[in-house]
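Student: based on what follows, work out the 3D shape:
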Amino acid sequence: MMKPDISLREKKPKGATFILDAKWKRINVSDDLKHGIVQDDLYQLYAYGKGYNCDAVALIYPRSQTFTNEVRYQILDDLTLICLPFDIAHPRESVQRSMEALAGAVTSSRPPR
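Tutor: I've put the predicted structure just below:
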């Protein structure tokens, strides 16, 4: 049974669903293209994205000197993966930035109407 760490849904009837999974390990965005992100974590988020019909899924990692800004991957045409830095010293600001990143992912991935 798939049970994500965090799931969010907009209040609109066809609102976007977001799945977030917290990982308490450090990544380094200055490394190779994978940035130290484990393949199993990507598979897990892909399964969540498809299982919950998400527009975007996110991995949340602790903010560090080598990971201060979000990183985006387009998994499929209709599914965006965002890696978000979370600063435990400033949780409100981190939550706000995360919500803005997720909202931006949906806006940019939806076709124009």
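
Student: all helices for this protein, in order.
Tutor: 39-51, 91-109 (DSSP state H).

Student: mean neighbour count, distance to residue 27 and mean pLDDT added to these, as TSV?
Tutor: C-beta: built from backbone N, CA, C; applies to glycine. What follows is the helices of the chain, written out as TSV (neighbours: other C-beta atoms under 10 Å; distance: least, C-beta to C-beta, whole Å; pLDDT from 0 to 100):
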stretch	mean neighbour count	distance to residue 27	mean pLDDT
helix 39-51	16	10	88
helix 91-109	15	15	83
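
Student: distance to residue 68 added to those helices, as CSV?
Tutor: Shown next, in CSV, are the helices of the chain (distance: least, C-beta to C-beta, whole Å):
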stretch, distance to residue 68
helix 39-51, 20
helix 91-109, 11
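
Student: residue 23: which of these is closest?
Tutor: Taking C-beta to C-beta as the criterion, residue 23 comes closest to helix 39-51 out of these, the separation being 6.3 Å.

Student: how far does that closest one sit from its chain's centre?
Tutor: Computed by C-alpha atoms, centre = their mean, to the nearest Å, the chain-centroid distance of helix 39-51 equals 11 Å.
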